[in-house]
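Participant: Next come a sequence and a model predicted from it.
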Amino acid sequence: MCTSIVFSPKDHYFGRNLDLEITFGQQVVITPRNYDFKFRKMPELKQHYAMVGIALNAGGYPLYFDAANEKGLGMAGLNYPGNATYYDVKDGKDNVASFEFIPWILGQCATIEEAKKLLAKINIADINFSEKMVASKLHWLIADKTGTSIVVETDKDGMHVYDNPVGCLTNNPQFPKQLFNLNNYADVSAAMPKNNFSDQVKMDGYSRGLGSRNLPGGMDSESRFVRVAFNKFNAPTSDSEEENVDTYFHILHSVEQQKGLDQVGPDAFEYTIYSDGINLDKGIFYYTTYTNKQINVVDMNKEDLDSSDLITYDMLTKGKFNHQN
Ligand SMILES: C[C@H](CCC(=O)NCC(=O)O)[C@H]1CC[C@H]2[C@@H]3[C@H](O)C[C@@H]4C[C@H](O)CC[C@]4(C)[C@H]3CC[C@]12C
């Protein structure tokens, strides 16, 4: 499962945990403005906004899992099995394959308002990247540098674009159900609970943290949605970039999947392969991996964004122990 958030302590940070049992050889990929973006059913974008994110470089084509552009619009695709539906090519619509959706939006839109205008014309066409790489069933979180976010779900009954008041997304069920489920946690709090049970029962608050005792702790997508929303809304904010980035990763790591906890096959366990976050205001990309919790940084502004070839960085997966004696 996966979790994606936008966190707005001062600047705005957008990204996700990628949870899966296999890894694809993904890299940090910067697509500069003059990379010739080809689309199966739409005209190419010879010039577009530059973007940075995690992608699989498939023979020179960036298959983005999540990314943000130089204008501060971010977008992530998360698994949405059983619900995601892609459609036949339709006349009069912008027919975009699911693997083209991130570049199509990030290449052309600077804000959520602009994205909504393009979304109104889009038909997510049921096209595979290749015979081997069939379309994954996804839904998407999109956020801009005001911290505003939306969710795009293409269900059996068509495409839905939801305003997202909580700024997070996980997996199933459908987004309105995830929001509704928050009702069940209205009394969860960072503060010690008040005894509403009965004034005839003496309760002495035997432990700190009892206000959050009823937060769901599971690896499942509904539990992670509640937990990450609560942790985000209660996170401290600062004027310091480093403190805010650090807090951002604490939030994502609070819903990360340790190996061994989420069994998906006889010997297969889903785990958090990487966590990433882009400062949408500044174009700085941060990430950690399962085996390297040090925060790694790629600053897109340090690259020649007017060039035409993909710029890639292998993810640093080897952590360091700092021996002090
Ligand atoms: C599996 C993950 C989503 C993670 C998640 O939600 N997992 C939880 C779960 O399995 O429930 C998705 C997110 C982006 C997806 C990739 C991107 O869409 C790009 C690319 C698209 C091709 O159609 C298929 C391969 C490929 C490379 C996709 C493989 C599956 C990815 C990596």
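Facilitator: Nice, thanks for sending it over. Numbering: from 1, shown residues only.

Participant: Tell me where the chain has helices.
Facilitator: 101-108, 112-119, 175-181, 221-233, 241-253 (DSSP state H).

Participant: now for the second one, which elements pack on it?
Facilitator: In this case it means helix 112-119. helix 101-108, strand 138-143, strand 149-155, strand 158-163 (3 or more Cβ pairs under 8 Å, 6 or more residues apart in numbering; DSSP states H and E). In short, each C-beta sits where N, CA and C put it, glycine included.

Participant: Which residue, neighbours along the chain excluded, lies closest to the residue of the stretch 201-325 of the chain found nearest the ligand?
Facilitator: Using Cβ to the nearest ligand atom, the closest approach of the stretch 201-325 of the chain to the ligand is made by Glu270 at 6.4 Å. Closest residue in space to Glu270, ignoring its immediate chain neighbours: Asp262 at 4.3 Å, by Cβ to Cβ, 6 or more residues apart in numbering.

Participant: The one you found against Thr272, yeah?
Facilitator: No - applying Cβ atoms under 8 Å as the test, Asp262 and Thr272 come out as separate, 9.8 Å apart.

Participant: So for those two, which residue has more residues nearby?
Facilitator: More crowded of Asp262 and Thr272, by other Cβ atoms under 10 Å: Thr272, with 24 against 18.

Participant: Looking at the more buried one now. What's its pLDDT?
Facilitator: If you check Thr272, the pLDDT there is 97.

Participant: That one touches Asn17, doesn't it?
Facilitator: Yes - counting by Cβ under 8 Å, Asn17 is a contact partner of Thr272 at 4.8 Å.

Participant: Tabulate the helices of the chain in JSON lines, adding columns for mean pLDDT, mean neighbour count and distance to the ligand.
Facilitator: As requested, the helices of the chain are exported to JSON lines (pLDDT from 0 to 100; neighbours: other Cβ atoms under 10 Å; distance: least, Cβ to the nearest ligand atom, whole Å):
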{"stretch": "helix 101-108", "mean pLDDT": "98", "mean neighbour count": "23", "distance to the ligand": "8"}
{"stretch": "helix 112-119", "mean pLDDT": "98", "mean neighbour count": "16", "distance to the ligand": "18"}
{"stretch": "helix 175-181", "mean pLDDT": "98", "mean neighbour count": "16", "distance to the ligand": "14"}
{"stretch": "helix 221-233", "mean pLDDT": "98", "mean neighbour count": "22", "distance to the ligand": "7"}
{"stretch": "helix 241-253", "mean pLDDT": "98", "mean neighbour count": "18", "distance to the ligand": "14"}
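
Participant: Tabulate these in JSON lines, adding columns for distance to Gly72.
Facilitator: Converted to JSON lines, the helices of the chain look like this (distance: least, Cβ to Cβ, whole Å):
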{"stretch": "helix 101-108", "distance to Gly72": "10"}
{"stretch": "helix 112-119", "distance to Gly72": "11"}
{"stretch": "helix 175-181", "distance to Gly72": "23"}
{"stretch": "helix 221-233", "distance to Gly72": "19"}
{"stretch": "helix 241-253", "distance to Gly72": "15"}
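
Participant: So for Leu310, which of those sits nearest?
Facilitator: helix 101-108 (11.5 Å; Cβ to Cβ).

Participant: Using PDB, list the CA coordinates for the closest one.
Facilitator: Extracted in PDB, the C-alpha atoms of helix 101-108 (Å, rounded to 0.1, in the frame of the first residue of the first chain):
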ATOM      1  CA  PHE A 101      -1.200  11.200 -16.800                       C
ATOM      2  CA  ILE A 102       1.500  12.600 -14.500                       C
ATOM      3  CA  PRO A 103       3.600  14.200 -17.400                       C
ATOM      4  CA  TRP A 104       0.500  15.400 -19.200                       C
ATOM      5  CA  ILE A 105      -0.700  17.400 -16.100                       C
ATOM      6  CA  LEU A 106       2.600  18.400 -14.700                       C
ATOM      7  CA  GLY A 107       3.900  19.400 -18.200                       C
ATOM      8  CA  GLN A 108       1.200  21.900 -18.600                       C
END
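
Participant: helices or strands next to that helix in the packing?
Facilitator: strand 51-58, strand 61-69, strand 74-79, helix 112-119, strand 122-125, strand 138-143.

Participant: 6 Å instead?
Facilitator: strand 61-69, strand 74-79 (3 or more Cβ pairs under 6 Å, 6 or more residues apart in numbering; DSSP states H and E).

Participant: which non-adjacent residue is nearest whichever residue of the stretch 151-300 of the chain sits closest to the ligand?
Facilitator: Residue nearest to the ligand within the stretch 151-300 of the chain: Asn171 (5.1 Å; Cβ to the nearest ligand atom). Nearest non-adjacent residue to Asn171, counting by Cβ to Cβ, 6+ apart: Ser221, 3.7 Å away.

Participant: ok, Lys145 - contacts?
Facilitator: By Cβ atoms under 6 Å, 6 or more residues apart in numbering, the residues touching Lys145 are His12, Gly72, Leu280, Asp281.
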